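Enquirer: Predicted model, plus sequence, below.
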Amino acid sequence: MSTIALAAAACSSSGNDSAADSGASSGAGVQSAKFDQSIADQLPSAVKSADEIKNIVFNNSPPATFQKDGKEIGWAMDLSNAIADVLGVKMSTTVSGDFSTFIPGIQNGRFDGSFGPLIVTPERLQQIDIVGVFKVGTGFASKRGSTVSIKTATDICGLTVAAIEGSAFIKSVESVDPKCEAAGKPAPTVQSFPNNAAAQLAVSNGRVQVFASNADALQYLISQTGDQFERQPLDYQPIIEGIGLNKDSGLAKPVKAAVDKLIADGTYAEILKKWGLSENAVSAAVINPSIS
């Protein structure tokens, strides 16, 4: 896989699903979390009977979830496996490049959730529960050497912006429109692309000027693609990302309790430190965080 394909956004370049048993260990370099019977007792009977949580994640959204040497890795994989350790169940993970199937699959019960994670939006909170575990803003990457400079929200005005179809970054960019109008500037033009590689290619060949995605994921992209892209300074509208769960599954409370235990015992901080993401930590997990 080329480095440019190791992109960072809300879905990936492959449209095929593949099942991957991620096991119940928290990953290399992170100590295994300890089982907690009191939290495991909060699990719904269906999960207890199955002895597993059916999870779906992106196959190409580094540094949260991505494939390397045939294995799904990333900070979200480490965290999901640590949660499974606390709950004493297997985390049965399917990896997919088709983001459009995630929320419907959670709603219809094919999957218990996505530990991917998902950006919290009002629309998503109406469809699924989200346990907030991470904070990050919308970031922007331009082709290195371009004249683009994005330090404030109005610097996006008039630019052509690539974003992944169905991602929260489209609305994030569109929220700048009133600011542009007030400043007497044209609104940004958003072009959506089916996957990360297509969006990045559009930036590299000049079809669009910037690529909008998770600020942390863009930093990873920069590190993997040498001098092709440049991270812009603006970290726009920092927001919570979290674990998406079926509203009727009864998983939100035990998953929150498991994350809070991992925060308290230092495992959560250890995972984020491993991936260079300590500044994105939250002090406690929150079920369905409010959107300001």
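Expert: Looks like it arrived, so ask away.
Enquirer: Let me see the mean pLDDT of stretch 83-98.
Expert: Taken as a whole, stretch 83-98 carries a mean pLDDT of 95.
Enquirer: Sketch out the strands for the stretch 51-200 of the chain, chain order is fine.
Expert: Listed in chain order, the strands of the stretch 51-200 of the chain (DSSP state E, counting those that start in this stretch) span 52-58, 60-61, 65-68, 71-73, 90-96, 113-119, 129-143, 160-164, 189-193.
Enquirer: so who does the residue positioned nearest the centre of the chain touch?
Expert: Centroid check for the chain by Cα atoms, centre = their mean gives Pro117 as the closest residue, at 3.9 Å. By Cβ atoms under 8 Å, 6 or more residues apart in numbering, Pro117 lies in contact with Ala64, Ala76, Val133, Phe134, Glu241, Gly242, Ile243, Gly244. Backbone N, C-alpha and C define where each C-beta goes, glycine included.
Enquirer: ok, and the closest non-adjacent residue to Tyr268?
Expert: Leu262 (4.2 Å; Cβ to Cβ, 6 or more residues apart in numbering).
Enquirer: Quick check: bridge partners of Leu245?
Expert: On the basis of DSSP bridges, Leu245 is bridged to Gly113, Asp129.
Enquirer: pretty sure it contacts Lys256?
Expert: No. Judged on Cβ atoms under 8 Å, Leu245 makes no contact with Lys256 at a distance of 9.9 Å.
Enquirer: neighbours around Ser92, how many?
Expert: 21 (other Cβ atoms under 10 Å).
Enquirer: who's in contact with the residue lying closest to it once chain neighbours are set aside?
Expert: Computed as Cβ to Cβ, 6+ apart, the closest residue to Ser92 that is not its neighbour in sequence is Glu52, at 4.6 Å. By Cβ under 8 Å, 6+ apart, Glu52 lies in contact with Val89, Lys90, Met91, Ser92.
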